[in-house]
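Undergrad: Provided below for reference: sequence and predicted model.
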Amino acid sequence: MTALITPELVTLDVDLGTEPATVIRHLAEQIASTGRASEVEGLYADALAREQKTSTGVPGGIAIPHCRSTAVIEPTLAMARLAPAVPFGAKDGPADLIFFIAAPEGADQEHLRLLSKLARSLIKKDFTAALQAASSADEIVALVEGAIADKPATGSTPTAASAATAAGAQTSARPKRLVAVTACPTGIAHTYMAADSLVAAAKEAGIELQVETQGSGAVTPLDPAVIAAADAVIFAVDVDVRGKERFAGNPSSTPR
């Protein structure tokens, strides 16, 4: 399988202007220049259209513009570390670590899995700190390859069986039980990042949570018994939830 990122796809400490569009164009040009896209304009247009649906900035000075495009020849990551940072819509400020995920329309599941693993790694502070400290493109590539080689996050807190075991050992009232669905327009990045963020927040709050990620890969639906036992459901989505009728009767919330 061809490497998702190479040193030629990395730009460090560069001034790319003040607008997301100029950053996205630079990265689209970079991808096309390495022969991984058939044209710049089609890739740029598809990525910009995705950006205009919902911004791709996430907390921590990170942005992950991404798209599926017929212009993409093979799944690719292009990265830029910006100076100065550019606002990509995150509430905590502009982004200086930009990863552009470009996927072909017919990307295979293995490539999509690796791309989603990279996106999930970007919410880990130690990983982003290493990206900030890297002194060369080769070092960036090594960090990214290490991230996508690691075991993927589970996407949920304890299973129903393990939760039941834990509940049996507790003497206090049972913790709240929540279920969640995450989904985004392309199902490559934010679907999985949102799932991991919810899992981390639930663990910190002592809440039992199971998440259904409706991404590009195969979807494993939540067990109907788990849904029935839930106190509430969270829809962290930018698109319609598949099978939403399954959650009828559960109090719901949609994060903003």
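TA: Received the coordinates, thanks. Numbering: from 1, shown residues only.
Undergrad: Could you use CA atoms for every contact and neighbour count after this?
TA: OK.
Undergrad: which residue ranges form the helices in the stretch 151-256 of the chain?
TA: 160-169, 190-205, 224-229 (DSSP state H, counting those that start in this stretch).
Undergrad: Any idea which of those has the lowest pLDDT on average?
TA: The stretch with the lowest mean pLDDT among the helices of the stretch 151-256 of the chain is helix 160-169, at a mean of 38.
Undergrad: What is the distance between stretch 96-115 and the centre of its chain?
TA: Here stretch 96-115 shows a centroid-to-chain-centroid distance of 10 Å under the convention Cα atoms, centre = their mean, to the nearest Å.
Undergrad: got a list of contacts for that stretch?
TA: 24, 27, 61-86, 132, 148, 188-189, 216-217 (Cα atoms under 8 Å, 6 or more residues apart in numbering).
Undergrad: Now go through those and say which are in strands.
TA: 62-63, 66-69, 76-86 (DSSP state E).
Undergrad: Which PyMOL command selects the buried ones in these?
TA: The buried residues among the ones in strands among the contacts of stretch 96-115 can be selected in PyMOL (16 or more other Cα atoms under 10 Å) with this line:
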select buried, resi 62+63+66+67+68+69+76+77+78+79+80+81+82+85+86
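Undergrad: Excluding chain neighbours, what is closest to residue 222?
TA: Computed as Cα to Cα, 6 or more residues apart in numbering, the closest residue to residue 222 that is not its neighbour in sequence is residue 212, at 6.0 Å.
Undergrad: Same check on residue 58?
TA: Nearest to residue 58 is residue 90, by Cα to Cα, 6+ apart, at 5.1 Å.
Undergrad: pretty sure that neighbour is in contact with residue 54, am I right?
TA: No: at 10.7 Å, residue 90 does not count as touching residue 54 under the criterion of Cα atoms under 8 Å.
Undergrad: Keeping just the C-alphas, turn stretch 208-226 into CSV.
TA: Extracted in CSV, the C-alpha atoms of stretch 208-226 (Å, rounded to 0.1, in the frame of the first residue of the first chain):
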residue,chain,number,x,y,z
GLU,A,208,-21.4,5.0,30.9
LEU,A,209,-21.4,5.8,27.1
GLN,A,210,-21.5,3.8,24.0
VAL,A,211,-21.0,5.4,20.6
GLU,A,212,-22.2,4.4,17.1
THR,A,213,-19.9,6.0,14.5
GLN,A,214,-21.7,6.4,11.2
GLY,A,215,-18.5,7.0,9.1
SER,A,216,-17.2,5.9,5.7
GLY,A,217,-16.4,2.3,6.9
ALA,A,218,-18.8,-0.4,8.0
VAL,A,219,-21.2,0.8,10.7
THR,A,220,-21.8,-1.4,13.8
PRO,A,221,-25.3,-0.4,15.1
LEU,A,222,-25.8,0.0,18.8
ASP,A,223,-27.5,-3.0,20.5
PRO,A,224,-31.2,-2.2,20.8
ALA,A,225,-31.0,-3.3,24.4
VAL,A,226,-28.3,-0.8,25.1
